[in-house]
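Asks: for reference, the sequence and a predicted model appear below.
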Amino acid sequence: MATSRPLLIPWLVEQIESGRYPGLHWVNQEKTEFSVPWKHGLRQDSSGDDVMIFKAWAEITDVEGQRLHDPTVWKRNFRSALRAKGFQMIMDQKNNDVNPYKVFRFPEGQREASAGRVGKRVRRETKRDAERCAAGNADLQDFDQYYSSIAGNLDAGLKELNISGTQQGTYFNVLVYYRGVKVLEKLVENNAGFRVVFSPEQMHCDQQLETVILPSADQIPIRDQMQAQLTRRILEKLGAGLEVITQGAAVYALRRGDSHVYWSLCKHDRSGVPQEVSKQGNQLHTLKEFIADLLEFMKNKGPSPSCSLFFCLGEKWPDPSQRPWEKKLITIEVSLTSLELLKTIAVDGGASSLQSVDLQLSRSLSLMSSLEEMMDCL
């Protein structure tokens, strides 16, 4: 038998009016908008007071007592409940240095409820509503388990994903091309990153990084002597090479040799503005930016986010003269496998694989909520 639960709106009104939760209060006289503390759990000034309202909702809705000790889950479930009921976030100050918070507006048609009938007994759901809510929470719990291993950061390997029996960490699929012809493909199974060199004896002595050794220019057809000569020149000046490393929730690149290296997030980049990898290092890709772009893509508001990095050795890229990537002498494509898998789940493994339209929508919204929660944690 499903356990009855309080309806969110009258329960939330009662909590706001109670004054028991620091930072939870009305922000307008009509009592249709309220502020909620939204402090990152890793901040030095974070405390139990910052998550009290999230914990309170978790305790009365998680009837099986699952995961009641995870503030991140509390916050995500609270926001999912607001989203499901039609609440609108009208102000986001989660990055405020002094007082991080968010302001939400009650859904239209619920203003009388939000004005408060404090002291009246909180209405309970009917058996039918309770069963439907319990089923929905079960779906959400399954969904959370399906996607929970995505949370984390690139430095720690994004936590291993366990989906349909397939485990995969933060790997780098490295493909090397000489004038558009693939000459090397290697899967780097190293969360720290890798280095690209031509002469192993010249590489930097960082044992944490896996080494990718570029093949000789002898693989280039003998009829193209000029291409082979220019390719050898770039390879010989590569020295200690190019390093691609993870640090925090980001991917960086560092040039250690004399051959200039350029990069982009797209192999068809037509911006004409070269981006050079410096000897001091460049941040190339962040998990936060990827999730933000993925959310926009899921809402049909933006293009598909890139899961790859495209490097060009010895020649400017993106090319100011619009010369295509395939025509460059030495190019390297690096696919970030965890991000590829995350995008596949979001696009193909989510709603499209489900039979029920209602369940498709429910899980799609849950994924978006989970991704937004990940954004808050980065």
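Replies: Yep, that arrived.

Asks: could you export the helix or strand where Ala84 lies as CSV, CA atoms only?
Replies: Ala84 is part of helix 71-85 when elements are defined by DSSP states H and E. Taking C-alpha atoms only, helix 71-85 is exported to CSV below (Å, rounded to 0.1, in the frame of the first residue of the first chain):
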residue,chain,number,x,y,z
PRO,A,71,22.7,16.6,0.3
THR,A,72,23.2,16.6,-3.4
VAL,A,73,20.3,14.2,-3.9
TRP,A,74,18.1,16.2,-1.5
LYS,A,75,18.7,19.4,-3.5
ARG,A,76,18.1,17.7,-6.8
ASN,A,77,14.9,16.0,-5.6
PHE,A,78,13.6,19.3,-4.2
ARG,A,79,14.2,21.1,-7.5
SER,A,80,12.7,18.2,-9.4
ALA,A,81,9.5,18.6,-7.3
LEU,A,82,9.4,22.3,-8.0
ARG,A,83,9.8,21.7,-11.7
ALA,A,84,7.1,19.0,-11.8
LYS,A,85,4.6,21.4,-10.1
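
Asks: in it, what's buried?
Replies: For helix 71-85, the neighbour count (16 or more other C-beta atoms under 10 Å) marks 72-84 as buried. The C-beta positions use only the backbone N, C-alpha and C, and glycine is treated the same way.

Asks: pick the one among these closest to Glu243.
Replies: Closest approach to Glu243 among the buried residues of helix 71-85 (C-beta to C-beta): Thr72, at 32.2 Å.

Asks: which residue ranges of the stretch 251-378 of the chain form helices?
Replies: Along the stretch 251-378 of the chain, the segments classed as helices by DSSP state H, counting those that start in this stretch run 287-298, 337-347, 357-377.

Asks: related to what we said a few turns ago, can I get the buried residues of helix 71-85 in a markdown table with pLDDT and distance to Asn99?
Replies: Putting those into a markdown table (pLDDT from 0 to 100; distance: C-beta to C-beta, whole Å) gives the following:
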| residue | pLDDT | distance to Asn99 |
| --- | --- | --- |
| Thr72 | 76 | 20 |
| Val73 | 77 | 24 |
| Trp74 | 83 | 20 |
| Lys75 | 84 | 17 |
| Arg76 | 80 | 21 |
| Asn77 | 82 | 23 |
| Phe78 | 88 | 19 |
| Arg79 | 85 | 19 |
| Ser80 | 80 | 24 |
| Ala81 | 85 | 24 |
| Leu82 | 89 | 20 |
| Arg83 | 82 | 23 |
| Ala84 | 80 | 27 |
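
Asks: need these in a markdown table with distance to Val13, can you?
Replies: As requested, the buried residues of helix 71-85 are exported to a markdown table (distance: C-beta to C-beta, whole Å):
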| residue | distance to Val13 |
| --- | --- |
| Thr72 | 26 |
| Val73 | 24 |
| Trp74 | 20 |
| Lys75 | 20 |
| Arg76 | 22 |
| Asn77 | 19 |
| Phe78 | 15 |
| Arg79 | 18 |
| Ser80 | 19 |
| Ala81 | 14 |
| Leu82 | 13 |
| Arg83 | 18 |
| Ala84 | 17 |
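
Asks: with respect to Gln280, which of those residues is nearest?
Replies: Closest to Gln280, out of all of those and judged by C-beta to C-beta, is Thr72, at 34.3 Å.

Asks: next, Leu24: phi, psi?
Replies: phi -100, psi 110 (degrees, to the nearest 10).

Asks: shouldn't it be in contact with Pro37?
Replies: Yes - counting by C-beta atoms under 8 Å, Leu24 touches Pro37, with 7.0 Å between them.

Asks: need the residues touching each of those two.
Replies: Common contacts of Leu24 and Pro37 (C-beta atoms under 8 Å, 6 or more residues apart in numbering): Ile53.

Asks: now for Lys267, how many residues are close by?
Replies: 18 (other C-beta atoms under 10 Å).

Asks: residues touching it, list them.
Replies: Contacts of Lys267 by C-beta under 8 Å, 6+ apart are Ser308, Phe310, Trp325, Glu326, Thr331, Glu333.

Asks: and the residues you listed, which two are the farthest apart?
Replies: Spatially, the most separated pair among the contacts of Lys267 is Ser308 and Glu326, at 14.8 Å (C-beta to C-beta).

Asks: compare the two (neighbour count), which wins?
Replies: Ser308 (18 against 12).

Asks: do you know how far that one is from Val188?
Replies: 14 Å (C-beta to C-beta, to the nearest Å).

Asks: next: Leu342.
Replies: With C-beta to C-beta as the criterion, Leu342 and Val188 are 18 Å apart.

Asks: the two: which is more packed in?
Replies: Ranked by neighbour count (other C-beta under 10 Å), Leu342 and Val188 place Leu342 first, with 25 against 21.

Asks: that one contacts Leu295, doesn't it?
Replies: No - Leu342 lies out of contact with Leu295 (C-beta under 8 Å); the separation is 11.7 Å.

Asks: picking that back up, what is the nearest of the buried residues of helix 71-85 to Val244?
Replies: Thr72 (29.2 Å).

Asks: so how far is Leu242 from that closest one?
Replies: In terms of C-beta to C-beta, Thr72 sits 36 Å off from Leu242.

Asks: could you do Gly23 as well?
Replies: 47 Å.

Asks: those two: which is more packed in?
Replies: Leu242 (24 against 16).

Asks: the more buried one touches Tyr262, doesn't it?
Replies: No - contact criterion C-beta under 8 Å: Leu242 and Tyr262 do not qualify, at 10.7 Å.
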